[in-house]
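Chemist: no sequence for this one, just the structure:
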Ligand code: HEM
Ligand code: FES
């Protein structure tokens, strides 16, 4: 199939940048979206045009590096799917496709479609860990954990930190990400010890980075490739209130 | 590291709760839900319009006899309103500036019109509240109402309301304001539960319906009053018009 692409091109962080039109020719419907871009880039290189820079690593939907806004939707039209797992069969011959970088004050563009997501790293460094020496692997079931709690922690831990929540949020809020990182620990006994300190520090760092505030649009959940539920934002808010008031 | 300077938490920030995004959300939810209580009580009280002049004027007198209590409620609502409006405006600007360059294309999957217009429905309500107080409480916009009394010599709220709603412009403004209220509540009520962490996947669709139900109830409940006056179902006492 043949497609028309409108792609954001920006030389570096200080360049103004603009949308450019490119043709994608002879694309197989079996290709992933990133493979389609590889083909376009080969074509551009042959023509002496700088290839389009985009983030990617594992290409199997687990690392969270790929990050494209496709036709106005983070990671494109398929729910629960990263760009690298999005296949071209979801597009039709002759389609026009808009490709833009994540847009947020806290995620400045580095080049073309690549943004700097180190704000997420700093939020993690502020408290997204457990400060104990784990030693050897403990015996299974040495520490009983209710199935419901374990499942919740696992669901939250599915977050790959790609930033689609921020990208899709009308307020560029990072609350889905932060809530997943807070609650994956808060739901487990090992994480309870530092729970109050963790939620306060991570939220403080989130605010410092210049993300917006959640106003319950739920766009984040709709685009999240790992389908993280907004219930975790509610739980984070509760954890936060408990920590601040010393109750619970 | 690229353009962004390293940002670290200044010592003790974890304790500076007033700057937190989540505190602001909680303030919005708690002050907002108190207005919801007021809006419900106010509507039920005012619907006594349909029970006639006696009933409504009795009720108005009862409220005025509450004295100190009335002022405590009014004062609390006023402080809450100031907090809600100020925090709402701050949130709006923060969220607006969190994305300095907007997308050429951005689709909405989950969110809707009433969720995206909270600041505008809110400011609409605020403008209306100011006008409403000038109109009925302080009787500034229509000073001719000031001397109205009923047969028992009490303030004739009943006639005041009917005279007001017989004016198409006043009724029109009222109906538009109630539309803003309905918009606001459609998003605000389910949001309240989410913000305070009382939401779960199993109740979420029901909370959404509850929001819409409350919005419709308030809209039609309040609008039934100007509608009844304009359709001549409720008339001035003594058959006057
Ligand atoms: C009868 C009047 C009002 C009621 C019942 C009401 C109710 C609420 C409630 C319950 C929320 C909380 C939503 C949440 O938890 O996320 C809310 C949010 C909001 N309100 Fe109001 N409100 C009223 C008046 C106003 C006014 C006068 C403004 C003027 C600025 C306003 C602006 C906002 C904004 C901008 C939000 C969104 C904040 C956010 O979600 O972060 N509201 N309202
Ligand atoms: S490249 Fe690793 S998730 Fe897409």
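Modeler: Ah, there it is. These numbers come from a predicted model, not from an experiment. Ligands and ions are numbered 1, 2, ... in the order given.
Chemist: and stretch A:80-88, anywhere near ligand 2?
Modeler: Yes - applying CB under 6 Å from any ligand atom, one finds stretch A:80-88 touching ligand 2 at A:82, A:83, A:84. Quick note: C-beta positions are derived from backbone N, CA and C, even for glycine.
Chemist: Looking at those residues, which is nearest chain B?
Modeler: residue A:83 (15.5 Å; CB to the nearest CB).
Chemist: burial of the closest one, as a residue count?
Modeler: Using other CB atoms under 10 Å in any protein chain shown, residue A:83 has 29 neighbouring residues.
Chemist: pretty sure it contacts residue A:69?
Modeler: No - Residue A:83 lies out of contact with residue A:69 (CB atoms under 8 Å); the separation is 9.5 Å.
Chemist: where do the strands sit along chain A?
Modeler: For chain A, applying DSSP state E gives strands covering A:3-9, A:18-24, A:69-70, A:73-74, A:96-100, A:109-111, A:114-115.
Chemist: now for the third one, which elements pack on it?
Modeler: Based on contacts counted as 3 or more CB pairs under 8 Å, 6 or more residues apart in numbering or on different chains; DSSP states H and E, the elements that strand A:69-70 packs against are strand A:96-100.
Chemist: and the strand it packs on with chain B, contact?
Modeler: Yes - Strand A:96-100 reaches chain B (CB under 8 Å from any CB of the partner chain) through A:98, A:100.
Chemist: How far off centre is that strand?
Modeler: 19 Å (CA atoms, centre = their mean, to the nearest Å).
Chemist: That strand: partners in the sheet, and parallel or antiparallel?
Modeler: Here strand A:96-100 has these sheet partners by DSSP bridges: strand A:3-9 (parallel), strand A:69-70 (antiparallel).
Chemist: Would you mind finding the most buried of the ones you listed?
Modeler: Most buried of these by mean neighbour count (mean count of other CB atoms under 10 Å in any protein chain shown) is strand A:69-70; its value is a mean of 24.
Chemist: any bit of it sitting next to ligand 2?
Modeler: No - counting by CB under 6 Å from any ligand atom, ligand 2 has no neighbours in strand A:69-70; the shortest distance is 12.9 Å.
Chemist: can you list the residues that contact that strand?
Modeler: The contact list for strand A:69-70 (CB atoms under 8 Å, 6 or more residues apart in numbering or on different chains) reads A:33, A:76-77, A:83, A:86, A:97-103, A:167, B:103, B:105-106.
Chemist: among the strands of chain A, which is nearest ligand 1?
Modeler: strand A:73-74 (21.1 Å; CB to the nearest ligand atom).
Chemist: The nearest residue to residue A:51 once chain neighbours are set aside - how many residues pack around it?
Modeler: Closest residue in space to residue A:51, ignoring its immediate chain neighbours: residue A:41 at 3.8 Å, by CB to CB, 6 or more residues apart in numbering or on different chains. Residue A:41 sits with 17 neighbouring residues when counted by other CB under 10 Å.
Chemist: next one: residue A:138
Modeler: Residues near residue A:138, counting by other CB under 10 Å: 10.
Chemist: Could you measure from it over to ligand 1?
Modeler: In this view, residue A:138 and ligand 1 are 41 Å apart by CB to the nearest ligand atom, to the nearest Å.
Chemist: ok, now residue A:13?
Modeler: As for residue A:13, its distance to ligand 1 is 30 Å (criterion: CB to the nearest ligand atom).
Chemist: For that residue, report the pLDDT, please.
Modeler: pLDDT recorded at residue A:13 is 95.
Chemist: I'd say it and residue A:109 touch.
Modeler: Yes - contact criterion CB under 8 Å: residue A:13 and residue A:109 qualify, at 6.4 Å.
Chemist: And the biggest helix by length in chain B, what does it pack against?
Modeler: What stands out as the longest helix in chain B, according to DSSP state H, is helix B:68-97. The contact analysis (3+ CB pairs under 8 Å, 6+ apart) places helix B:68-97 against helix B:21-46, helix B:118-132.
Chemist: ok, and for the following helix or strand past the longest one, which residues are buried?
Modeler: For helix B:21-46, the following helix or strand on the C-terminal side (DSSP states H and E) is helix B:53-65. Buried residues in helix B:53-65, counted by 16 or more other CB atoms under 10 Å in any protein chain shown: B:53, B:56, B:57, B:58, B:59, B:60.
Chemist: Likewise for stretch A:10-21?
Modeler: Neighbour-count burial for stretch A:10-21 [16+ other CB under 10 Å]: A:10, A:17.
Chemist: Need the contact partners of that stretch.
Modeler: A:4-9, A:98, A:100-101, A:108-112, A:116, B:2-3, B:104.
Chemist: Contacts (any at all) between ligand 1 and the longest helix of chain B?
Modeler: Yes - contact of helix B:68-97 with ligand 1 (CB under 6 Å from any ligand atom) involves B:84, B:85, B:88, B:89, B:91, B:92.
Chemist: How far away from the center of its chain is that helix?
Modeler: 11 Å.
Chemist: Name the helix or strand of chain A that has the lowest mean pLDDT.
Modeler: Between all helices and strands in chain A, the lowest mean by mean pLDDT, DSSP states H and E belongs to helix A:189-192, at a mean of 91.
Chemist: For it, name the packing helices and strands.
Modeler: Looks like helix A:189-192 contacts helix A:175-186 (3+ CB pairs under 8 Å, 6+ apart).
Chemist: now what about the helix it packs on, what contacts it?
Modeler: A:120, A:123-124, A:128, A:130, A:152-154, A:156-159, A:161, A:163, A:165-166, A:169, A:191-192, A:194-195, A:198-199, A:202-203, A:206, A:211, A:213-214, A:220-221, A:224, A:228, A:230, A:232-233, A:235-236, A:239, B:21.
Chemist: Then stretch B:114-125?
Modeler: Stretch B:114-125 has contacts (CB under 8 Å, 6+ apart) with A:170, A:215-217, B:84-85, B:88-89, B:92, B:108, B:176-177, B:180-181, B:183-184, B:186-188, B:215.
Chemist: now do 7 Å
Modeler: The contact list for stretch B:114-125 (CB atoms under 7 Å, 6 or more residues apart in numbering or on different chains) reads A:170, A:215, A:217, B:88, B:92, B:177, B:180, B:181, B:183, B:184, B:186, B:187.
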